[in-house]
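Colleague: Quick one: sequence and predicted model below, then my questions.
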Amino acid sequence: IGGEFRGRKITQPDLKTVRPTKDRIREAVFNVIAAEVPDAKILDLFAGSGAYGLEAISRGAVEAVFVELDRKCVSVIKDNIKALGAGERTRISVGDAGSLISSGALAGEKFDIVFADPPYSRGLAKNLLITVSHYDILSNSGLLVIEHHRQESLPDEEGVFILLKRKSYSDISVSFYKKNG
């Protein structure tokens, strides 16, 4: 929706279990974090089509790492990366987001922005907030952006994180966290 790839379409997985983020919500998220995106290293958890990470690359991020468990979604992410010619700035890790973080698969890496869009109504958003806080994969000035159902309550503080802002769009909320201190 913006930047280098503006106007280019990406493919969405044809799965009932995947809920693509609407363009207007993604645009609103990027309006909030616009100053943080250039030169950032991105982690896109529960990546689906890779829309968040690819949007960040389009807007000047230097690298995006996509984490996705579903093999069909991984295939769609690969196709989208290829179609946009973004291969040299991306990589894909196949597996469960929480498990990959806690297993040390991302050990030693620090990300400037972590996007997470877990399936709704399973408590995954709060679990992910706890996991990312515990395993310290976010740079000191980084942002954690979690898309979740409006009825799923996330705390204002969790571990090293403090809520900066929460925006709601119909049934969807997006919570923006930064490290406390």
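Modeller: Looks like it arrived, so ask away.
Colleague: Could you list the low-pLDDT ranges of the chain?
Modeller: The chain contains residues with pLDDT under 70 at 1, 15-21, 181.
Colleague: And the residue nearest the centre of it?
Modeller: Centroid-nearest residue in the chain, with C-alpha atoms, centre = their mean: Phe115, separated by 1.9 Å.
Colleague: Run through the bridge partners of it.
Modeller: Counting by DSSP bridges, Phe115 is bridged to Asp44, Val145.
Colleague: next one: Ala64
Modeller: In beta-bridge terms (that is, DSSP bridges), Ala64 pairs with Ile42, Thr90.
Colleague: State which helix of this protein is the longest.
Modeller: The helix spanning the most residues in the chain, taking DSSP state H as the definition, is helix 71-84.
Colleague: Relative to the whole chain's centre, how far out is it?
Modeller: 16 Å (C-alpha atoms, centre = their mean, to the nearest Å).
Colleague: quick one: buried residues of that helix?
Modeller: Cys73, Val74, Val76, Ile77, Asn80, Ile81, Leu84 (16 or more other C-beta atoms under 10 Å). All C-beta atoms are positioned from the backbone trio N, CA, C, and that covers glycine.
Colleague: cool, stretch 49-67 as well?
Modeller: Buried, per 16+ other C-beta under 10 Å, within stretch 49-67: 49-59, 61, 63-67.
Colleague: Cross the residues you listed against strands and list the overlap.
Modeller: Glu63, Ala64, Val65, Phe66, Val67 (DSSP state E).
Colleague: looking at it, Phe46 is touching Ala116, isn't it?
Modeller: Yes - shown here, Phe46 and Ala116 form a contact pair, counting by C-beta atoms under 8 Å, at 6.0 Å.
Colleague: Spell out which residues are contacts of both of the two.
Modeller: Taking C-beta atoms under 8 Å, 6 or more residues apart in numbering as the criterion, Phe46 and Ala116 both touch Ala97.
Colleague: Stretch 168-177: end-to-end distance?
Modeller: 15 Å (C-alpha to C-alpha, to the nearest Å).
Colleague: Test my guess that the residue nearest to the centre of the chain contacts Ala51.
Modeller: No - with contact defined as C-beta under 8 Å, Phe115 does not count as touching Ala51 (9.1 Å).
Colleague: As a check, name the ranges of all strands in this protein.
Modeller: 41-45, 63-68, 90-94, 111-116, 138-149, 157-158, 161-169, 172-179.
Colleague: between the ones you listed, which gets nearest to Gly123?
Modeller: Closest to Gly123 of those is strand 138-149 (C-beta to C-beta; 10.0 Å).
Colleague: Since that was my last question, I'll sign off now.
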